[in-house]
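[1] Sequence below, structure please.
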Amino acid sequence: MALDFESLTEATSGAVGALVSTTVLYPLDTCKTKYQAEARSHHQQRYRNLSDVLWEAIRHGQVLSLYQGLGTKNLQSVIQQFVYFYGYSFLKRLYLKKSNFKSMGTKANLIVAAAAGACTVLITQPLDTASSKMQTSEFGKSKGLWKTLTEGKWSDAFDGLGISLLLTANPSIQYTVFDQLKNRLLKTNARSSESSPQALSASTAFLLGALSKTIATCLTYPAIRCKVVIQAAEREEEKLTGTQKKAHKTMSRVFCNIWKNEGILGFFKGLHAQILKTVLSSALLLMIKEKITKSTWVMMLALRKYLLTTNTRLKSA
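    You can find the predicted model right below:
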C-alpha cells in the first residue's frame, strides 16, 4: 500500500511543532496542572493562585522539578500530534475523494476531527496519565515513566479515558475553527498533488491558533478540570484514607466533590491558566507547523522520488 505523503507531511510538521511548544512551555504546564489538581474547599487550598506553585518550587530549591515528566510529555505530544494530524489529513482527503466535494463542511470536519482524536486518545492515554501523575507529584519526588505506569493496576494507566474521549471535542472544535478560518483567508482552489501546500504567515497562523484554542478550551474546560483531578498523583494526606483515592477514580465522584467543596465556579478553577498555556502552546504549534510544512513537503517529494527510483531499479534488475 502506497504511503500517503501529504498526510505524512502534515503529521511530521505537527509532531515537530508539538515537540517545540511542549518543551518551551513545560514549566507553565506543570504549574497549571498542579494548581488544577486540587479539589478542596477554599480554606484548605494549598495554592491560592498559579504563581503559588512557582514560588513553592523556588522556596524549596526545586525549580528544575518544574520539568519533571518532560520526557514523557514530549513523547506523548509527538505521538499524539503525529497520529492526530496523520489521521485527520488522511480521513479528510478520503472524505473529499469519496464525496467528490472540493471542500469540507463544518459538520463533516467535526466528525473527521473527532474520529482522528478518538484514535489518538486510545494510543496515548497511558502516557497522558503518567505525565499528569509526574507533574502533580511532590517536587523532587517524581518517579520514572515505567515505575509510574507499573506501580498500580494496568487499568490505572487508562484513568480518565472516558473523559479523554469526550475531550476529543476540544481539538475537533479547535482544528475545525482553524481550518475553516484558514481556508477563508487563503481562498484556495483544489491543488494538484505535486504542488507545494499553501501556508499562512507565522503571525496569522499564531492568531488563528490562539483564537481557535480559546474557543475550544472555554467550551470543554469543566471536563478538563475533572480529568486532571482523576489523573493526579496521590497526595501524602490522601494515603491516610483509602476511600479518597478511590473517589478520585470516577467522573461522578470528582464532579460531586468539586460541586460540594467549591461550587459551580470550581469547575472553572484554573481556566485562565489553561487558556494561557494551551493557547500559547497551540498557537506556537500551528505557527511552527505552517512554517515548516513547505520544507517538509519538499523532503517528502524527494523521499518519494527516491523510493520510486529504487523500486524501478529493483524491478529492472
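[2] can you tell me how far residue 145 sits from residue 310?
    Counting by CB to CB, to the nearest Å, the separation of residue 145 from residue 310 is 37 Å. Placement of C-beta: from N, CA and C, glycine included.
[3] neighbour-wise, which of the two wins?
    When neighbours are counted by other CB atoms under 10 Å, residue 145 and residue 310 differ, and residue 145 comes out ahead with 18 against 10.
[4] thought the more buried one was touching residue 73?
    No. Judged on CB atoms under 8 Å, residue 145 makes no contact with residue 73 at a distance of 10.2 Å.
[5] Correct me if wrong: residue 79 contacts residue 128.
    No. Here residue 79 lies out of contact with residue 128, judged by CB under 8 Å, at a distance of 10.3 Å.
[6] The two: which has the busier surroundings?
    When residue 79 and residue 128 are compared for neighbours, residue 128 comes out ahead with 23 against 16, by other CB under 10 Å.
[7] in the stretch 101-250 of the chain, what spans have low per-residue confidence?
    187-199, 234-249 (pLDDT under 70).
[8] the helices in it, which residues?
    Using DSSP state H, counting those that start in this stretch, the helices of the stretch 101-250 of the chain run over residues 106-136, 145-150, 161-166, 169-186, 202-231, 242-247.
[9] And stretch 51-68, how far out from the chain middle?
    In terms of CA atoms, centre = their mean, to the nearest Å, the centre of stretch 51-68 is found 24 Å from the chain centre.
[10] how about it: buried residues?
    Buried residues in stretch 51-68, counted by 16 or more other CB atoms under 10 Å: 53-54, 56-57, 65-68.
[11] Out of the residues you listed, list just those in helices.
    53-54, 56-57 (DSSP state H).
[12] Quick one: the helices of the stretch 101-250 of the chain as JSON lines, columns for distance to residue 255 too.
    What follows is the helices of the stretch 101-250 of the chain, written out as JSON lines (distance: least, CB to CB, whole Å):
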{"stretch": "helix 106-136", "distance to residue 255": "18"}
{"stretch": "helix 145-150", "distance to residue 255": "25"}
{"stretch": "helix 161-166", "distance to residue 255": "10"}
{"stretch": "helix 169-186", "distance to residue 255": "17"}
{"stretch": "helix 202-231", "distance to residue 255": "6"}
{"stretch": "helix 242-247", "distance to residue 255": "11"}
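[13] Kindly export whatever helix or strand residue 14 lives in (C-alpha atoms) in CSV.
    Secondary structure from DSSP states H and E places residue 14 in helix 5-24. Taking Å, rounded to 0.1, in the frame of the first residue of the first chain, the C-alpha atoms of helix 5-24 are listed here in CSV:
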residue,chain,number,x,y,z
PHE,A,5,2.8,11.6,1.5
GLU,A,6,0.5,14.6,2.1
SER,A,7,-0.8,13.1,5.3
LEU,A,8,2.7,12.2,6.3
THR,A,9,3.8,15.8,5.7
GLU,A,10,1.0,17.1,7.9
ALA,A,11,1.8,14.6,10.7
THR,A,12,5.6,15.2,10.7
SER,A,13,5.3,19.0,10.8
GLY,A,14,2.6,18.7,13.5
ALA,A,15,4.8,16.4,15.6
VAL,A,16,7.8,18.8,15.3
GLY,A,17,5.6,21.7,16.3
ALA,A,18,4.3,19.8,19.3
LEU,A,19,7.8,18.9,20.5
VAL,A,20,9.0,22.5,20.4
SER,A,21,5.9,24.0,22.0
THR,A,22,5.7,21.4,24.8
THR,A,23,9.3,21.9,25.8
VAL,A,24,9.2,25.7,25.8
